[in-house]
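Novice: next one to model:
(one chain, ligands or ions: 1)
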Amino acid sequence: MSLVTMSEVLKESIEKKYAVGAFDTMDRVFTEAILDAAEQKGVPVILMVMPMSVEGPEAERFMGYVVKRCRESSVPVALHLDHSPTYEHCVKAIHLGCTSVMFDGSSLPYEENVAITKKVIDVAHACGVTVEAEIGHVAGHEGNMLDGNVADESAFTTVEEAKRFYEDTGVDCLAVAIGTVHGVYKGTPHLDLERLQEIRDALPIPIVIHGGSGLVEKDYKGMVAHGANKINFFTAMSLEAAAAVRKLLAEKEKLGLQDITIVGQKAAEEVVAKHIEIFGTQPLSC
Ligand SMILES: [Zn+2]
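Specialist: Here you go, the predicted structure:
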């Protein structure tokens, strides 16, 4: 039914105060788990592919399958490139069918981040594609996903820089750093919800939170209440699927690969469905 842009998927999220889950896939198992969960809940979803999925000889085959699956979905799906390190990856993703791209220039000097983001926006908007960028820096993307990460308060997004970045680029949605980390948390996360609310009040566009894994229900609901509209989520889904497979292997001796895949996919689907509910995602009204 619908492969749509991220702007379309998020268009009612600010006014109705909910977030849409954005889940990473790199294969068929995650893709089916994520889309099955959204279809079961009857709500829009954001399916994210990694830069590695849009480069190399396998890219056309994998993206061809993903685009077809999104088009056949019974719910609106935005197909989004997560954390693109370059302008070229964004162009490649658009060429392969993504309806949304993130250019991550959060570790670059401000002016460079603005310049490349604007270049991405020019080509993306010409193709009817949504653009996400990041200001401030969400820790932990540089590897070490499973060993634990701590948020760096000095890299939290300030309201002034979020506002300035939006005015300088005209970006469609903005990822901000308010205390979440990529991967697993080392210690207890401390989210700066007051800062999130101030950014929400200062910007007219959807706000994105990266590093959604490892928080508790109260944290997610707090972020949604204070203005989060897209929540990125991967590590916990992957770890719970692995735990389900480990349990199956411990319980049963005679197993085929298909038994393992089914159990892993089912566990991932349950995690996605549960978080869609926590994020309060609603069906689009039209
Ligand atoms: Zn991220």
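Novice: verify the stated contact: V271 with L239.
Specialist: No - look at V271 against L239 with CB atoms under 8 Å: they stay out of range, at 9.0 Å. C-beta coordinates here come from the backbone N, C-alpha and C atoms, glycine included.
Novice: give me the mean pLDDT for stretch 260-270.
Specialist: The average pLDDT within stretch 260-270 is 97.
Novice: quick one: contacts of it?
Specialist: Contacting residues not belonging to stretch 260-270 are listed as 29-30, 32-34, 36-37, 40, 237-238, 240-245, 248-249 [CB atoms under 8 Å, 6 or more residues apart in numbering].
Novice: next step: the residues you listed restricted to helices.
Specialist: 29-30, 32-34, 36-37, 40, 237-238, 240-245, 248-249 (DSSP state H).
Novice: check the gap between K16 and V216 for me.
Specialist: K16 sits 23 Å away from V216, going by CB to CB, to the nearest Å.
Novice: correction: the previous question concerned R164.
Specialist: The value you get for R164 to V216, if CB to CB is used, is 33 Å.
Novice: of these two, who's got more company?
Specialist: In this view R164 and V216 are compared by other CB atoms under 10 Å, and R164 has more residues nearby, 14 against 11.
Novice: contacts for the helix or strand harbouring that one?
Specialist: Counting by DSSP states H and E, the element that carries R164 is helix 159-169. Helix 159-169 is contacted from outside by 110, 113-114, 117-118, 121, 133, 135-136, 171, 174, 176, 195, 198-199, 202-203, 205, using CB under 8 Å, 6+ apart.
Novice: swap the cut-off to 7 Å and go again
Specialist: For helix 159-169, the surrounding residues in contact (CB atoms under 7 Å, 6 or more residues apart in numbering) are 114, 117-118, 121, 133, 135, 174, 176, 198-199, 202-203, 205.
Novice: neighbour count: V271 and L239, which is higher?
Specialist: V271 (22 against 19).
Novice: could you double-check that the more buried one lies in contact with M237?
Specialist: Yes - V271 lies in contact with M237 (CB atoms under 7 Å); the separation is 4.5 Å.
Novice: which residues are in contact with each of these two?
Specialist: With CB under 7 Å, 6+ apart, V271 and M237 have no common neighbours.
Novice: what's the angle from the top helix by length along the chain to helix 28-41?
Specialist: Secondary structure of the chain read by DSSP H shows that its longest helix is helix 257-279. Counting by axes from the mean of the first three to the mean of the last three CA atoms, to 10 degrees, helix 257-279 lies at 40 degrees to helix 28-41.
Novice: many thanks, I have nothing further to ask.
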